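In: structure, please.
(2 chains)
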Amino acid sequence: MKIVTWNINGVRARIENLVAWLKESQPDIVCLQEIKTVDEGFPRAEIEALGYNVETHGQKSFNGVALLSKLPFDEVNRGLPGDDGDEQARFIEGVFSTERGVLRVVSLYLPNGNPVGTEKFDYKLGWMARLERWARDRLLLEEPLVLAGDYNVIPQKDDAKRWQDWVNDALFQLRSRAAFQALCNLGFTEAIRSTTDDTGVYTFWDYQAGAWQKNNGIRIDHLLLSPEAADRLAAASVDKHVRAWEKPSDHVPVTVELSVRAA
DNA sequence: ATGGTTGCTTTGCAA
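Out: Okay, here's the model as predicted:
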């Protein structure tokens, strides 16, 4: 089973790319972030025509996440628990049935947090603390769980072409990285990190200043696997070529292959 | 070198 995360940066602006990539890549489950539309604006028909079930958690203009799945949804949960006042659409969980039982997949869009020293950075750290609490509870279920998305965290120096450029950025703050590490340390396997020793593996290249042409990228899109999911990890990879397409997202798809079949 | 680009709505904001 192929599970992919992709920050699409505006699904309406990117629908042609998305359809072309779905046809090429044939994923089973797709976690999208930054759909930048309310649920009613999501280009659902084009995706359903390819055989996908679609569940969205959108909002006007900003943020917004979605799950696309060839498997039927048994359950869908929208929003990260822990703050009833949080209006931002950044979290959706789908529950599926496989030959091995339940599979849970989350599409998350972790707050960017810039600039550091403002309420935006506090919101990022608060959101990460809520995510850790949520993950701690979910791990108690001892089920295959894939926690996928744009984490807006550069875990290590090797995860940036030029880490020195990011030392004042929320994505590379020690507090952001420590919170990400703490989440991983609950028992998750970070799919890309655990399957390659390569350096220079990036998932985001800024639109500005020729970042793509210079391969000046960062790795901020991650798939975290619960122990039960990690037991079935067969492969993980980054679809870098998509960044060179016309009208690309600034992020590319990141894939894990799990050796489990649909029920 | 405090630039540069994109999407969604604005005349700026967020990334």
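In: C-alpha from now on. contacts and neighbour counts both.
Out: OK.
In: rounded mean pLDDT for the top helix by length along chain A, please.
Out: In chain A, taking DSSP state H as the definition, the longest helix is helix A:119-139. Computed over helix A:119-139, the mean pLDDT rounds to 98.
In: for the following helix or strand past it, packing partners?
Out: Remark: after helix A:119-139, the chain's next helix or strand is strand A:145-150, criterion DSSP states H and E. Contacts defined by 3 or more Cα pairs under 8 Å, 6 or more residues apart in numbering; DSSP states H and E place strand A:145-150 against strand A:2-7, strand A:29-33, strand A:101-109, strand A:221-225, helix A:227-230.
In: which of these sits most buried?
Out: Greatest average neighbour count among the helices and strands packed on strand A:145-150 goes to strand A:29-33 (a mean of 28), per mean count of other Cα atoms under 10 Å.
In: contacting residues around the residue of the stretch 101-250 of chain A found nearest DNA strand B?
Out: Nearest residue of the stretch 101-250 of chain A to DNA strand B (Cα to the nearest atom of the strand) works out as residue A:208 at 3.7 Å. If you count contacts by Cα atoms under 8 Å, 6 or more residues apart in numbering, residue A:208 has none.
In: dump the helices and strands packed on strand A:145-150 to a markdown table, plus distance to DNA strand B and mean pLDDT.
Out: Output for the helices and strands packed on strand A:145-150, formatted as a markdown table (distance: least, Cα to the nearest atom of the strand, whole Å; pLDDT from 0 to 100):
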| stretch | distance to DNA strand B | mean pLDDT |
| --- | --- | --- |
| strand A:2-7 | 9 | 98 |
| strand A:29-33 | 10 | 98 |
| strand A:101-109 | 9 | 98 |
| strand A:221-225 | 12 | 98 |
| helix A:227-230 | 28 | 98 |
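In: what's around residue A:255, how many residues?
Out: 25 (other Cα atoms under 10 Å).
In: picking up where we left off before, now do the longest helix of chain A against strand A:101-109, angle only.
Out: When axes from the mean of the first three to the mean of the last three Cα atoms, to 10 degrees is applied, the directions of helix A:119-139 and strand A:101-109 differ by 180 degrees.
In: helices of the stretch 151-263 of chain A, residue ranges please.
Out: In the stretch 151-263 of chain A, the segments counted as helices under DSSP state H, counting those that start in this stretch are A:174-185, A:191-195, A:227-230.
In: helices and strands around the longest one, which ones?
Out: Of the remaining helices and strands, those touching helix A:174-185 by 3+ Cα pairs under 8 Å, 6+ apart are helix A:119-139.
In: mind checking the end-to-end distance for stretch A:24-36?
Out: 24 Å (Cα to Cα, to the nearest Å).
In: coming back round to it: pLDDT score for the residue of the stretch 101-250 of chain A closest to DNA strand B?
Out: Residue A:208 is given a pLDDT of 95.
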